[in-house]
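In: Build me a model from this:
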Amino acid sequence: MAVTLRDVAAHAGVSPRTVSNVVNNFHHVSPEMRAKVQAALDELGYEPNLLARSLRQGRTGIINLLLPKIAAPYFGELAHEVVEHARQLGFTVLIDETGGQRDRELALLDEASRSRWVDGVLLSPAGLHGRSLAELRRMRVPLVLLGERTGPPTHDHVGIDNVRAARDAAQHLVDRGRRRIGAVGGQAGSADLTSRLRLRGYRSALRRAGLEVSGDLYGRAPDYTRGQAELAVQGLLRGEDPPDALVCFSAEIAVGALRGLSQEGVRVPEEVSVVGFDDVEECRFATPSLTSVGPDKGEVARSALDLLMERVGGSQGGPRDVLVPYALVQRESSAIPSTTASKRV
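Out: Purely as a prediction, here's the structure:
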């Protein structure tokens, strides 16, 4: 049975309030009394209930990070940054996985709101959007959204300009003389805001360059897995007029695309150039190494936690939207070949 403050008080011959004052390090306790109570605490092996103390103080020191897919390289690296920056602020991070499912996101948010276990939530939504997000204004704990947002702002949000980033990625390929530029992403529907926004930017770059914008150039990998991307790329390559470059909407998709190209005997970048997203460590060690749009994941974590801490501290006001920088990191997969790429037969 756990030792209580009353047990310690009885053992030391003092009041429970005096023991509480010592445990909470109140300054008005005399050195003699503090030593007497501390001896009783040590002798009985008292362990404070830190959660109960935090709740009495109105804080738990814990924040919730909800991600669609923890195993995805981007989310794994982002989680690392959030944990590191939260630790510097004196907070612990409780991480859970939503699977990108709307019901799972709602259930975890409802639990966080009702349980009082966490001081705030960082959510990368994949199933919730539009009206569903607006209804979350009733949450009892602060919420900051990560990633993509379309429509009117409902909560504080941190992300990159995905339309512009995808336009830059496609323009990079245009500048390298590619003229039949394909893309590989998800379903690009209302539940896949990432693909929708990146597809918009990719197509914008093609239109500005006077290049064909065709549905035949878009390969779908609905769950953003390497295997789905491999199959999607093989389908594009077997078309009547295959692409000479690819914009891939995630690091996993880009790695799967490289595998699909290799399986078809296509050389990268000599015959097909590839640009990916996320710029995770895997991009550096792929063969060839992957050119990639790299969001500043450290800045995503810092900005999101700054917003959340302000809300935890009682800050009011309307939703704030923070765009963090990104960089197009050029590597071997989009390098200009030493000789003109030959058309595959």
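In: next helix or strand past the lowest-mean-pLDDT helix or strand in the chain?
Out: Sorting the helices and strands of the chain by mean pLDDT, DSSP states H and E puts helix 50-56 at the bottom, at a mean of 53. Using DSSP states H and E, the helix or strand that follows helix 50-56 in sequence is strand 62-67.
In: contacting residues around that next one?
Out: With CB atoms under 8 Å, 6 or more residues apart in numbering as the test, strand 62-67 has contacts from 75, 78-79, 82, 86, 91-98, 105, 108-109, 112, 117-124, 305, 308. Using the backbone N, CA and C atoms, a C-beta is placed for each residue, glycine as well.
In: Among those residues, name the ones in helices.
Out: Applying DSSP state H to the contacts of strand 62-67, the entries found in helices are 75, 78-79, 82, 86, 105, 108-109, 112, 305, 308.
In: Tell me the one among these nearest to Asp321.
Out: Taking CB to CB as the measure, Asp321 lies nearest Leu308 of the ones in helices among the contacts of strand 62-67, at 14.5 Å.
In: where do the helices sit along the stretch 201-345 of the chain?
Out: 226-237, 251-263, 281-285, 297-312 (DSSP state H, counting those that start in this stretch).
In: Identify whichever of these lies nearest to Gly210.
Out: helix 226-237 (21.3 Å).
In: Give me the buried positions along the closest one.
Out: 226, 228-234, 236-237 (16 or more other CB atoms under 10 Å).
In: Who are the contact partners of the closest residue to Gly256 other than its chain neighbours?
Out: Counting by CB to CB, 6 or more residues apart in numbering, Gly256 lies nearest to Ala229, which is 2.9 Å off, once chain neighbours are set aside. Listed by CB under 8 Å, 6+ apart, the contact set of Ala229 reads 184, 219, 221, 248, 252-257, 259-260.
In: can we see that at 10 Å?
Out: 184-185, 219-221, 223, 246, 248-250, 252-260, 276 (CB atoms under 10 Å, 6 or more residues apart in numbering).
In: Closest one to Ser334 out of the buried residues of helix 226-237, please.
Out: Val233 (15.6 Å).
In: Hmm, that closest one is touching Gly227, no?
Out: No - when contacts are counted by CB atoms under 10 Å, Val233 is not listed as touching Gly227 (11.0 Å).
In: list the residues that contact both of these two?
Out: 221, 256, 259-260.
In: Now a PyMOL select for only the buried ones of those residues.
Out: Burial among the shared contacts of Val233 and Gly227 is assessed by 16+ other CB under 10 Å; the matching PyMOL selection reads:
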select buried, resi 221+256+259+260
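In: Now the two most distant members of the shared contacts of Val233 and Gly227.
Out: Among these, Ala221 and Arg259 lie farthest apart (CB to CB), at 12.0 Å.
In: so what sits against both of the two?
Out: In contact with both Ala221 and Arg259: 227, 229-231, 233, using CB under 10 Å, 6+ apart.
In: Turn those into JSON lines, columns for distance to Val300 and pLDDT.
Out: Shown next, in JSON lines, are those (distance: CB to CB, whole Å; pLDDT from 0 to 100):
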{"residue": "Gly227", "distance to Val300": "28", "pLDDT": "97"}
{"residue": "Ala229", "distance to Val300": "24", "pLDDT": "97"}
{"residue": "Glu230", "distance to Val300": "29", "pLDDT": "97"}
{"residue": "Leu231", "distance to Val300": "31", "pLDDT": "97"}
{"residue": "Val233", "distance to Val300": "29", "pLDDT": "97"}
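In: any chance of those in TSV, plus distance to Leu5?
Out: Output for these, formatted as TSV (distance: CB to CB, whole Å):
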residue	distance to Leu5
Gly227	58
Ala229	59
Glu230	62
Leu231	63
Val233	65
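In: hmm, back to that, out of the buried residues of helix 226-237, flag the one nearest to Arg131.
Out: Distances from Arg131 to the buried residues of helix 226-237, taken by CB to CB, are shortest for Gln228, at 29.5 Å.
In: Who's the closest spatial neighbour of the closest one, skipping the chain neighbours?
Out: Ala221 (3.7 Å).
In: Give me the phi and psi angles of the one you found.
Out: Dihedral pair for Ala221: phi -130, psi 80, per degrees, to the nearest 10.
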